[in-house]
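1. no sequence on hand, only this structure:
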């Protein structure tokens, strides 16, 4: 599974008309709409430039995006200044969360997370979110978690022993985490 972490500050360099081309739903919050459009623009570019896919048409099933051809599967997440997009040949889910101070104890209790500190809470939270995006599959799966800056990244794939590569926009690569 390839995981791309992209700084959203680049949205300022994209013409609004191009972003609008990638809008799949309406948002009341214009900043959220811009994030949404930018994430699908980046998904389209990666599918074309990295994977060489010509047919990049997307459909939504139960709110989850899929390529019509199913040549690749992908999962998108946003938090703070980053967009995370994970790609795999198999069903996958990915999540990124900025680790901010919060009352994690009450949330952890409500969600039945085993978390005694903030990092453990975000580890459990992003795992929950990534598995939800995967579809809550009970099948065997692979999982990777890492901390980048003050962000927790979690990715899951339905293929056991999936190899994970994380690419940070500045070119830094973390191999086989």
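-> In hand now; what should we look at? These numbers come from a predicted model, not from an experiment.

2. ranges for the helices of the chain?
-> Counting by DSSP state H, the chain has these helices, from start to end: 16-20, 30-49, 104-111, 118-134.

3. how about the second one: buried residues?
-> Of the residues in helix 30-49, those buried by neighbour count under the rule 16 or more other C-beta atoms under 10 Å are 33-44, 46-47. The way it works is simple: take the backbone N, C-alpha and C, and place the C-beta from them, glycine included.

4. near residue 69, how many other residues are there?
-> Here the number of neighbours of residue 69 (other C-beta atoms under 10 Å) works out to 11.

5. list the contacts of the closest residue to it other than its chain neighbours.
-> Distances taken as C-beta to C-beta, 6 or more residues apart in numbering place residue 55 nearest to residue 69, at 5.2 Å, with adjacent residues excluded. For residue 55, the contacting residues are 67-69, 71, by C-beta atoms under 8 Å, 6 or more residues apart in numbering.

6. now those as a markdown table including pLDDT and distance to residue 110?
-> Output for these, formatted as a markdown table (pLDDT from 0 to 100; distance: C-beta to C-beta, whole Å):
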| residue | pLDDT | distance to residue 110 |
| --- | --- | --- |
| 67 | 97 | 35 |
| 68 | 96 | 38 |
| 69 | 97 | 40 |
| 71 | 97 | 39 |
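
7. just the buried ones from those residues?
-> If you count burial by 16+ other C-beta under 10 Å, the buried members of the contacts of residue 55 come out as residue 67.

8. and the contacts of residue 55, which two are the farthest apart?
-> Between any two of the contacts of residue 55, the greatest separation by C-beta to C-beta is 9.1 Å, found for 68 and 71.

9. understood, closing this out.
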